[in-house]
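**Q** Give me coordinates for this.
(chains A, B and C)
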Amino acid sequence: MEFIQLFIDSLPRLLQGLGNTIVLTALAVALGIIVGLAVALAKAYAKGPLRILASAYSALFRGTPLLTQLFIVYFGLSSIGIVLSPFTAAILAIGLNSAAFQAEYFLGSILAIQPGQITGAIALGMGRLKTIRCIVIPQVIRLVIPSWSNELICLLKYSSLAYLIQFPELLFQTRLMASKNFRMFEMFIIAGVLYLSVVLIVSHFLRKLEKRLRIPGLGTESTF
Amino acid sequence: MEPLLKVENIEKTYDGKKVLNGISFEMEKGNTKVIIGPSGTGKSTLLRCVNRLSEPEMGKVILDGQVVLDKTVEKEPRIDLNAIRSQVGMVFQNFNLFTHLSVLGNVTLGLTQVKGMKRKDAVERAMIEIDRVGLADKKDAYPALLSGGQQQRVSIARALAMDPKVILFDEPTSALDPELIGEVLQVMIKLAKEGMTMLCVTHEIGFARSVADEIIFLDEGKVLAHEPPEQLFSNNSSARIRTFLKKISELYGGE
Amino acid sequence: METSSGLMIIWESWPMFLSGTITAVQLCILFLGVGVVVAVPVSLSQIYGGKSLKFSASVFEQVFRGLPALVLLFLFYFGLAELDVSPLVAATLAMGLRSAAYQSQIFRGAILSIDSGQMVAARSIGMSRIRAIKCVILPQAIRLAIPPWSNEFANMIKDTSYVFVVGIIELMRQGRYVVAGSFGNALLVYSVIALIYLFLTYCGLFLMGRLSKKLAIPGFASAGAAMERI
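**A** Numbering: from 1, shown residues only, chains lettered A, B, ... in the order given. Reported below is the predicted structural model:
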């Protein structure tokens, strides 16, 4: 009973945090898509330094912890005079990290498109960019959805790292309230329930979306 | 004399369909029996009921005086199925060789793990059987690198090494390219001549004709005929059997 | 000017970086080890277990995969606080069980991709179910699991960076000490730390690649390791 009271009392604050978590995740995913797609296209089609740069970016961001990336963007940049708000820093760090992973998903899907289709498009008189825009990207997006929904779920969880740079998302609010009411364990149980619910709900809808967008005979199953 | 294998009144239902409907037969030691019949008539299921890889609803199986299966009594006595299975060899359509083990590893695994033999003795025993199927030079090869015919010969060696009382062959040549069937059949013919007790499901009419002591013709879960090949292949057989035999010899060559 | 003094500080702090690195590697091995030990029975019970066993295993998996690592760490840290256990035990439980949830998925995938004929053949020569799993299914599953497992290994090295939040002094925490002592040269210090993690990650992947090659069986499928989220 007492636990339920605690739950009800803390819910407004926690929901506010959850809102921030969702906004942060959404913006980071969006940044990840834009940068990730560019990196993937560079890895697949560019030549010379641009391609090397893209590969290095992907290897570097996937090979180091997101936490160090977050600290470099927030504490590191501010130590040389570039002061970012926790919100901006979190979006940048999580988004750029996600971009490196998303680039690999995009690249995998790009490589899964049979080269014959590209030849076919060029034979129709489409230019290189038009081919990428009209033939490659529409297919890539569908192929990438399963890994992409997995990534979205991951980012929902990773966004909790932003608490370490004082961004008031769900974990931060939980910690804050716990430090006031000293009900540490119970507060984290509540936070856990909230995280789990969001993760399960989001993954349920993503699975539905996947089914709707599927091209018959193409694509794979989601892993979550 | 008691028969080596006694199968009585086996009944088995799959998805609401009765695939085996009261099958009975007996086998003497050293006999070779071939089960033929249209596909989907429960031939493979019947084989699997003999060592209870499939569980029938009704029936009784006795191997060399040991009860393998007894659904005629209210409560079945305790049966050590693993001990029974180690006395019944089985050769599969898809070979089912253990992919992570070499030829020698495949043949010795049952000896060391089930029969508890010492490694050295197991290797010695295994090599005899590997040699018997003509693959001594391939003993260290891994299954994925062998041809289908070679893989099937290894799986026969694996069954033989256990010193089985009877070997069940489940369409042993059906997954093989035509040019590889011969080498497997040769091994089977050799075994039959040496007095191994063999129960084979196969479409190889030529093999059935020349090697089988008796042929069981199975159709829609029932034994339609159970007689020596000369009789079955004579013109006295029922129209159903003759149509099937004609079709199968068109398909598989036969004789 | 500032950079060169920063470099000096990093140079002088090498014992801290070194001890943090060693701790990170030890933690990684510890967490993965706990993960393996728990994941094998979990994945086996999800495949071969009865209804209730299957259900509890999948709830375990959903919960530990669905929660952020930081939340798990705090849950175990505060949940066990009354039992007076050390932060290390709490962190090991949180990260080890979390890894077990991911690893059990890896093992399950590997076991399920083994042809069902393997089990039938093993049973047909008289092996018991348990023995067949031990002698036939697991040796194959382990090989199939190595590439995705290397991925988990690489993830775990990076994930050890979280445990400083419950007070364990590993590489990240050492980094914060160095930053505090270097009058705010955070960019340089955290970059060095990132490079150390980068080195560890690729070392891990390299070693796992070697192991995969060593265990490879001619003709038996085994793909290279990739780095991805699972």
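**Q** where's the nearest residue to C:Ser128 once chain neighbours are set aside relative to C:Gly126, distance?
**A** Of all residues not flanking C:Ser128 in the chain, B:Asn82 sits nearest, at 5.4 Å (CB to CB, 6 or more residues apart in numbering or on different chains). C-beta coordinates here come from the backbone N, C-alpha and C atoms, glycine included. Counting by CB to CB, to the nearest Å, the gap from B:Asn82 to C:Gly126 is 5 Å.
**Q** So the two - more neighbours on which side?
**A** More crowded of B:Asn82 and C:Gly126, by other CB atoms under 10 Å in any protein chain shown: C:Gly126, with 24 against 16.
**Q** Show the contacting residues for the closest residue to the more buried one other than its chain neighbours.
**A** Excluding the flanking residues, the one nearest C:Gly126 by CB to CB, 6+ apart is B:Ser86, at 2.9 Å. Neighbouring residues of B:Ser86 by CB atoms under 8 Å, 6 or more residues apart in numbering or on different chains: B:Gly110, B:Val114, B:Lys115, B:Met162, B:Pro164, C:Ile125, C:Gly126.
**Q** do A:Val35 as well
**A** Counted by CB under 8 Å, 6+ apart, A:Val35 has contacts A:Gly95, A:Leu96, A:Ala99, A:Ala103.
**Q** May I have the phi/psi pair for the first one?
**A** Dihedral angles phi and psi of A:Gly95 (degrees, to the nearest 10) take the values phi -60, psi -40.
**Q** Stretch C:158-174 close to chain A?
**A** Yes - with CB under 8 Å from any CB of the partner chain as the measure, stretch C:158-174 is seen reaching chain A through C:Lys158, C:Asp159, C:Ser161, C:Tyr162, C:Val165, C:Met172.
**Q** where does the fourth one sit relative to A:Gln102, distance-wise?
**A** Computed with CB to CB, the distance linking C:Tyr162 and A:Gln102 is 22 Å.
**Q** Check the second one too.
**A** Noted for C:Asp159: a distance of 20 Å to A:Gln102, by CB to CB.
**Q** which one of those two has more residues nearby?
**A** Neighbour totals were compared for C:Asp159 and A:Gln102, and A:Gln102 leads with 26 against 20 (other CB under 10 Å).
**Q** returning to what we had before: can you pick the most crowded of the contacts of A:Val35?
**A** Result: A:Ala103 is most packed of these (other CB under 10 Å), 27 neighbours.
**Q** residues contacting that one?
**A** A:Val35, A:Gly36, A:Leu37, A:Val39, A:Ala40, A:Lys43, A:Ala54, A:Tyr57, A:Ser58.
**Q** residues near residue 43, how many?
**A** Answering for chain A, as no chain was given. 22.
**Q** wrong chain, I was asking about chain B
**A** 23.
**Q** Please list all residues in contact with it.
**A** B:Ile35, B:Ile36, B:Gly37, B:Glu171, B:Val201, B:Leu218.
**Q** distance of the residue in chain C that chain B sits nearest to from chain A?
**A** Nearest residue of chain C to chain B: C:Gly219, at 2.4 Å (CB to the nearest CB). C:Gly219 is 25 Å from chain A, where distance means CB to the nearest CB, to the nearest Å.
**Q** From the contact counts, what lies against the host helix or strand of C:Thr21?
**A** According to DSSP states H and E, C:Thr21 maps onto helix C:14-48. The contact analysis (3 or more CB pairs under 8 Å, 6 or more residues apart in numbering or on different chains; DSSP states H and E) places helix C:14-48 against helix C:51-66, helix C:87-112, helix C:138-159, helix C:171-181, helix C:186-215.
**Q** List the buried residues of it.
**A** Neighbour counts over helix C:14-48 (16 or more other CB atoms under 10 Å in any protein chain shown) mark C:16-17, C:20-21, C:23-25, C:27-28, C:30-32, C:34-36, C:38-40, C:42-46 as buried.
**Q** and residue 196, what does it touch?
**A** I went with chain A, as the question did not name one. A:Leu196 sits next to C:Gln62, C:Val63, C:Gly66, C:Leu67 when contact means CB under 8 Å, 6+ apart.
**Q** The intended chain is chain C.
**A** C:Ile196 neighbours (CB under 8 Å, 6+ apart): C:Phe17, C:Thr21, C:Leu171.
**Q** Equivalent analysis for B:Ser174, please.
**A** Taking CB under 8 Å, 6+ apart as the test, what B:Ser174 contacts is B:Gln93, B:Thr202, B:His203.
**Q** and the one residue in chain B that gets nearest to chain A, what pLDDT?
**A** In chain B, no residue comes nearer to chain A than B:Thr99, which is 24.6 Å away by CB to the nearest CB. Looking at B:Thr99, its pLDDT stands at 89.
**Q** go on, the one 10 residues further on?
**A** Per-residue confidence (pLDDT) for B:Leu109: 94.
**Q** With respect to A:Leu67, which of the contacts of C:Ile196 is nearest?
**A** A:Leu67 lies nearest to C:Leu171 out of those, by CB to CB, at 10.4 Å.
**Q** neighbours of the closest one, just the number please.
**A** Neighbour tally, C:Leu171, other CB under 10 Å: 28.
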